[in-house]
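In: Kindly return the folded structure for what I paste below:
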Amino acid sequence: MDDKIHPNFKLSAYLIFAAITVDVISGFIQWGKNPNFDMTVTAEMALMFMTFGYFAFIGKDWIKWVILLATILTIFPLIATLNQEANGISLFYISQFFSSLLKFSAFIVLSLVKKKP
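Out: Predicted coordinates:
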């Protein structure tokens, strides 16, 4: 079964797992700076994207649309925080932008897979 899965699915899964790592690290950084930061939301998002990464790893074609939708929905808070930053762009914003870029790259990699006839 492993040889039937296109290599882009595994690459996409690794990109998603890298994005999760960036999210969790930035969550811990934000939690250290702001004790009111809710770490459970970061953990829930990490579990959700780990599930997406698993489905990409096993070669499910429909996961690319779910990843795209989730990535778009996670970009909206970034746009809101950009307007609230008084001292310029923070490390948290940069890490979240990089994470979103990794997730969108996973969608692009999955989009390059040819449909099975």
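
In: those helices in the protein, which residues are they?
Out: 7-33, 39-57, 63-84, 91-111 (DSSP state H).

In: what's near enough to touch the closest residue to Lys115 other than its chain neighbours?
Out: The spatially closest residue to Lys115, leaving aside those adjacent along the chain, is Asp61, at 7.5 Å (Cβ to Cβ, 6 or more residues apart in numbering). C-betas here are computed from N, CA, C, even on glycine. Going by Cβ atoms under 8 Å, 6 or more residues apart in numbering, Asp61 touches Leu110, Val113, Lys115.

In: about what we covered before: got CSV for the helices of the chain, with mean pLDDT too?
Out: What follows is the helices of the chain, written out as CSV (pLDDT from 0 to 100):
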stretch, mean pLDDT
helix 7-33, 87
helix 39-57, 86
helix 63-84, 75
helix 91-111, 85
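
In: would you list these in TSV and tack on mean neighbour count?
Out: Formatted as TSV, these follow (neighbours: other Cβ atoms under 10 Å):
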stretch	mean neighbour count
helix 7-33	18
helix 39-57	16
helix 63-84	14
helix 91-111	18
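
In: Can you give me the separation between Met45 and Phe52?
Out: Counting by Cβ to Cβ, to the nearest Å, the separation of Met45 from Phe52 is 11 Å.

In: again, but for Ile20
Out: 9 Å.

In: Could you do Ala70 as well?
Out: Taken as Cβ to Cβ, the span from Ala70 to Phe52 is 7 Å.

In: Gly59 is in contact with Lys4, correct?
Out: Yes: between Lys4 and Gly59 there is a contact under Cβ atoms under 8 Å: 7.4 Å.

In: Look at the two and report which has more neighbours.
Out: Gly59 (18 against 7; other Cβ atoms under 10 Å).
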